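# here you go, sequence then predicted model.
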Number of protein chains: 2
Amino acid sequence: MPPPATLSASSSFTLLSPSPSPKPKFPPFSPKRHSFTINPRHHSLHSVPSSTVRCTVIEKETPEAQRPDTFLRANSSSSSVRARFEKMIREAQDTVCAAIEAADGGATFKEDVWSRPGGGGGISRVLQDGAVWEKAGVNVSVVYGVMPPEAYRAAKGAAAADHKPGPVPFFASGISSVLHPKNPFAPTLHFNYRYFETDAPQDAPGAPRQWWFGGGTDLTPAYIFEEDVKHFHSVQKSACDKFDPTFYPRFKKWCDDYFYIKHRDERRGLGGIFFDDLNDYDQEMLLSFATECANSVVPAYVPIIEKRKDLPFTDQQKAWQQLRRGRYVEFNLVYDRGTTFGLKTGGRIESILVSLPLTARWEYDHKPEEGSEEWKLLDACINPKEWV
Amino acid sequence: MPPPATLSASSSFTLLSPSPSPKPKFPPFSPKRHSFTINPRHHSLHSVPSSTVRCTVIEKETPEAQRPDTFLRANSSSSSVRARFEKMIREAQDTVCAAIEAADGGATFKEDVWSRPGGGGGISRVLQDGAVWEKAGVNVSVVYGVMPPEAYRAAKGAAAADHKPGPVPFFASGISSVLHPKNPFAPTLHFNYRYFETDAPQDAPGAPRQWWFGGGTDLTPAYIFEEDVKHFHSVQKSACDKFDPTFYPRFKKWCDDYFYIKHRDERRGLGGIFFDDLNDYDQEMLLSFATECANSVVPAYVPIIEKRKDLPFTDQQKAWQQLRRGRYVEFNLVYDRGTTFGLKTGGRIESILVSLPLTARWEYDHKPEEGSEEWKLLDACINPKEWV
């Protein structure tokens, strides 16, 4: 399958990723059976699979023993949007991971730091099989350098039709996370915020000609607690309303449209907000908006987990959660732009598929009883509702 | 995504399928919660998702109370290839289902019969959550009528470039099956045999201008018992060798190439045989060959199940089986032509996805210990071996 004709910010981000380590020859394997180990190259999550276009950006990541203060070059201005965005996502990563660990009450994230010789690096954190969390990943990356003209054209689509051939300086940075709890009453969360710059190649280096923001936060429960969904959407709306009254309705609909499983005629969950290619507002305003969104993740989500993580549940309720996890797998493998693009173009698979749940289930022709709690969830996935 | 530019027999078969029942409005649901019910429209399995091109062949299936003696028209000759192929796949369905039920020792297939107003019909059988079988489906369909010119062009690709516009008479018939056992030492089996005819539209009706056979049988274990894999491949080779000494090596390689999970650089299993678009041999010979292959399913597979179905296993071995089931999901959702084409073109999802396992698992960066039994399986999926 050819890559999509037009890739906008979420996919574009993947173009900027740390590049391909050569596929390791098989063997060797790691020395532990059924082990869970962290690989420094596994730094991306779906929607920001930052290792997906290794076929075009041929460069290998390097594991690092320590987190640097910044992944930017030493002479970078700390007041630039790039620097402030990096600072923001790294603080958000710390905050979210600390909140996830606190909610879990025991398990800790394993961290990998990597750098990219051409510029930048990232920090990957994964927690698997905790008390509360089945699988949780929170990754940041900050990468830059020069992208091949074909990658630029893929990123910009028709807008690059008049682009003169030649390498294009780029900068891409993002935070990406998928959090799958164990309890079927505790919802899955995905969030992802990213900032992107390219120069037109004929321009003086360093003069950004294009920049945009993308991202979103969305909730995927197996059961609806209306107060939870209202709370989640209220926090998203509050974050949006601080900046523009049109943001929440626009980005709420964008989210419902994006996370649509066409072959099921249903969404994977109950939405939230999603936006992409956002550059038609003041840049400072959008930086503040992305910051507000990222800072809203913990207050939007963790109170829900605290309320639901210890609720008793039946085997049938767990099986329903597993069926919904199957839908998550279907969305990510069949539709998610970053995932599908990454799979087709030779990205590192563990990085791309860390967003998949630990376990999932498919029953032939499963249909919940009309009026049941399972039916209500499915109905809300088929007919998106206004929650606030 | 546009459909693939060229579809050969396996996908072509899907063009001939009973057509779209209008998507039922939601609600209503069935009255049982977590129920397992059979829907008469669910008659296809992956590689033969016979309901996948409802967008082009708009016609609704009808449930039938009884199996007819034949799905062909009353005045059809019983000596035609069509009639003898139908007889063969229906006998194969009976034989395989009886053997699967006998191996299970308790569970029975639930059957649905359906007809297609434009011509033909099918018989779907699914067994779920038995003693031995997690999920087993064995479906046959025999459909014919007139296909829109665009479907004909999709089926034939470049070969249809000079095709004059106009409806094309077609006939398609096939058996398709995926059998997922519970015990991690008992392998999954997939098989699928199909026969296809089209008339060039300008011809007199009934004069077949094109015909071809397709199909294959492949084995997907989680653990290698070398005697099992050798037995399975030996039966495939014996079936092939009765017809042409080049068949087994050619179709064995075709199978290894087809069931390739590119993003993992591994096959989903240990192969078998696969062929498509086969028409460059005597038609009677290929009918006999397909019959021999279908008749080889039980002797190739059931003895393995009998030996392995009651072996004790650990939680870790079950988890490894579940990881391999995850690969099965990845292959079917990302690569299988019939499945992906069906998902993109509005096929009935339960029909297409009945091939998915009941449960599957994804662990971040799982790597079996070098030299372990899990490692040996993975190695054989990465580096296909000659088993006989």
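Sure thing, it's come through. Numbers count the residues shown, from 1 in each chain, chains lettered A, B, ... in the order given.

# can I get the helix or strand where A:Ile175 lies as PDB, trimmed to CA atoms?
Per DSSP states H and E, A:Ile175 falls inside strand A:168-181. Only the C-alpha atoms of strand A:168-181 are listed here, as PDB (Å, rounded to 0.1, in the frame of the first residue of the first chain):
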ATOM      1  CA  VAL A 168      14.500  20.300   4.400                       C
ATOM      2  CA  PRO A 169      15.500  21.300   7.900                       C
ATOM      3  CA  PHE A 170      13.000  20.100  10.400                       C
ATOM      4  CA  PHE A 171      12.200  20.000  14.100                       C
ATOM      5  CA  ALA A 172       9.700  17.700  15.800                       C
ATOM      6  CA  SER A 173       8.900  17.200  19.400                       C
ATOM      7  CA  GLY A 174       6.100  15.400  21.100                       C
ATOM      8  CA  ILE A 175       4.700  13.500  24.100                       C
ATOM      9  CA  SER A 176       2.600  10.400  23.500                       C
ATOM     10  CA  SER A 177       1.000   8.000  25.900                       C
ATOM     11  CA  VAL A 178      -1.400   5.000  26.200                       C
ATOM     12  CA  LEU A 179      -2.600   3.900  29.600                       C
ATOM     13  CA  HIS A 180      -4.500   0.500  29.900                       C
ATOM     14  CA  PRO A 181      -5.700  -0.300  33.400                       C
END
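
# does that strand come close to chain B?
No - Strand A:168-181 stays clear of chain B (C-beta under 8 Å from any C-beta of the partner chain), getting no nearer than 10.3 Å. Placement of C-beta: from N, CA and C, glycine included.

# which strands or helices does that strand pack on?
helix A:9-14, helix A:81-104, strand A:133-147, helix A:149-156, strand A:188-198, helix A:297-308 (3 or more C-beta pairs under 8 Å, 6 or more residues apart in numbering or on different chains; DSSP states H and E).

# got JSON lines for those, with mean pLDDT, distance to B:Gln210 and mean neighbour count too?
Formatted as JSON lines, the helices and strands packed on strand A:168-181 follow (pLDDT from 0 to 100; distance: least, C-beta to C-beta, whole Å; neighbours: other C-beta atoms under 10 Å in any protein chain shown):
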{"stretch": "helix A:9-14", "mean pLDDT": "29", "distance to B:Gln210": "40", "mean neighbour count": "28"}
{"stretch": "helix A:81-104", "mean pLDDT": "97", "distance to B:Gln210": "58", "mean neighbour count": "20"}
{"stretch": "strand A:133-147", "mean pLDDT": "88", "distance to B:Gln210": "47", "mean neighbour count": "25"}
{"stretch": "helix A:149-156", "mean pLDDT": "63", "distance to B:Gln210": "38", "mean neighbour count": "21"}
{"stretch": "strand A:188-198", "mean pLDDT": "93", "distance to B:Gln210": "48", "mean neighbour count": "26"}
{"stretch": "helix A:297-308", "mean pLDDT": "98", "distance to B:Gln210": "57", "mean neighbour count": "19"}
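
# among these, which is nearest chain B?
Ranking the helices and strands packed on strand A:168-181 by proximity to chain B (C-beta to the nearest C-beta) places strand A:133-147 first, at 6.8 Å.

# hang on, A:Phe213 in a strand?
Yes - under DSSP: H, G, I helix; E, B strand; the rest coil, A:Phe213 sits within a strand.

# so what's the residue count around it?
24 (other C-beta atoms under 10 Å in any protein chain shown).

# can you pull the contacts of it?
A:9, A:193-196, A:275, A:278-279, A:286-287, A:289-290 (C-beta atoms under 8 Å, 6 or more residues apart in numbering or on different chains).

# apply 10 Å and report the result again.
A:9, A:81, A:85, A:174, A:193-196, A:275-279, A:281, A:283, A:286-287, A:289-290, A:293 (C-beta atoms under 10 Å, 6 or more residues apart in numbering or on different chains).

# and if you look at A:Glu292?
Per C-beta under 10 Å, 6+ apart, neighbours of A:Glu292: A:88, A:238-240, A:242-243.

# which one of the residues you listed has the most neighbours?
Ranking the contacts of A:Glu292 using other C-beta under 10 Å puts A:Ala239 first, with 25 neighbours.

# which element is it on?
Counting by DSSP H and E, A:Ala239 is part of helix A:226-241.

# could you give the average pLDDT over that helix?
Averaging pLDDT along helix A:226-241 yields 98.

# what residues sit buried inside it?
A:228-229, A:231-233, A:235-237, A:239-240 (16 or more other C-beta atoms under 10 Å in any protein chain shown).

# need those residues in a markdown table (columns: distance to B:Arg73).
As requested, the buried residues of helix A:226-241 are exported to a markdown table (distance: C-beta to C-beta, whole Å):
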| residue | distance to B:Arg73 |
| --- | --- |
| A:Asp228 | 58 |
| A:Val229 | 55 |
| A:His231 | 62 |
| A:Phe232 | 58 |
| A:His233 | 57 |
| A:Val235 | 63 |
| A:Gln236 | 60 |
| A:Lys237 | 62 |
| A:Ala239 | 65 |
| A:Cys240 | 62 |
